[in-house]
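Undergrad: starting from these lines, generate the structure:
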Amino acid sequence: MRSSKWLGQLQLIIPIMFGTAIYAFGLLYFIIPNELMEGGVTGITVLLNYAFNIAPSISTMVINIPLFLLGMKILGKRQSIYTGLGIASLTLFLWLFELLIDKGWILPFRTEHDYILASLYAGVTLGAGLGIVFRFGGTTGGSDIIARIVNRKFGFSMGQVILSLDILIIGLSLFFIPLERILYTLVAVFIASKVIDFIQEGAYAARAFTIISDQAEKIADRITVDMERGVTLIPAIGVYSKKAKHIIYCVVSRQEIRRLSEIVKSIDPQAFMIINDVNDVHGEGFKEE
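TA: Residues are numbered from 1 along each chain as shown. Okay, the predicted model is just below:
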């Protein structure tokens, strides 16, 4: 029983460490060599590196440990553990990659002209790293802790606090790097946000059909037989007609959208269909063909 519990913990710890490793690599391999920026507390560590040549591993640890201690009560026991793991792991991998770069075993990606390429790669690596960390319940501390503390003490939303911090930090960076690099940074931040969403929501994109029809049972039977998909019939009453009817709910893969639509139209051309995006699907009996 205890071994299975430890196995479950490792299945969360290892991905969080892997995610922080990717994030640290992206920061030292793409962001700093090309004088780009990053938001949040990580942005402060980048600014300190530009202004005073302080190693990001040191500033990350120095800034995050006090924040972590302040926010422990707010974060709760479980979140504190994974936040502490994220901070320690990020610090460790930053130090490791700094060492490898100093020894010349890793040569950072530097460019004099094609900053859009650096921004693209930076966005993908930073987003992938953070996406993995967030997906498995971890954080890298920093802005998240500050946002929680300010939210609890002063009532500002976490989104407002994080956005304000990002604007402040990127604004301060104008004293150290050209405006052009800030604009490239925005490209990297945008791409990173999309990659984070992609990883958190799942790579599998499906569609959910909500179908209202007087032939609901017939349509449901046909979907079950022809497509081998699970279908749910939800009892409903039409407000205008006052008639009892069923609503069909069914999730299919992207390749099956056309097939399901054809089945519905062949049975009831007047059927009302709503199609929604589904980014992740779990449950017995559902698989992408």
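Undergrad: next SSE downstream of the biggest strand by length in the chain?
TA: Assignment by DSSP state E gives strand 244-253 as the longest strand of the chain. Downstream of strand 244-253, the next assigned helix or strand under DSSP states H and E is helix 257-267.
Undergrad: may I see the buried residues of that following helix?
TA: 260, 261, 263, 264, 267 (16 or more other CB atoms under 10 Å). Every residue, glycine included, has its C-beta placed from N, CA and C.
Undergrad: and the next element down the chain from the helix or strand containing residue 11?
TA: Assigned by DSSP H and E, residue 11 belongs to helix 2-26. Sequence-wise, the next helix or strand downstream of helix 2-26 (DSSP H and E) is helix 40-52.
Undergrad: got the contact list for that following helix?
TA: In this structure, residues lying in contact with helix 40-52 by CB atoms under 8 Å, 6 or more residues apart in numbering are 27, 31-32, 35, 37-38, 54-56, 59-60, 63-64, 67, 140-143, 146, 162, 165-166, 169-170, 172-173, 176-177.
Undergrad: related to what we said a few turns ago, what's the helix holding residue 11 packed up against?
TA: helix 77-102, helix 115-135 (3 or more CB pairs under 8 Å, 6 or more residues apart in numbering; DSSP states H and E).
Undergrad: what angle separates the longest one from helix 2-26?
TA: An angle of 40 degrees separates the directions of helix 77-102 and helix 2-26 when computed by axes from the mean of the first three to the mean of the last three CA atoms, to 10 degrees.
Undergrad: so where's the stretch 101-250 of the chain shaky on pLDDT?
TA: Within the stretch 101-250 of the chain, the ranges that satisfy pLDDT under 70 run 157-159, 201-205.
Undergrad: ranges for the helices of it?
TA: Applying DSSP state H, counting those that start in this stretch to the stretch 101-250 of the chain gives helices spanning 115-135, 143-154, 158-172, 179-201, 216-227.
Undergrad: how distant is the first one from the center of its chain?
TA: What it means is helix 115-135. Taking the mean of its C-alpha atoms, helix 115-135 sits 10 Å from the chain's own mean (CA atoms, centre = their mean, to the nearest Å).
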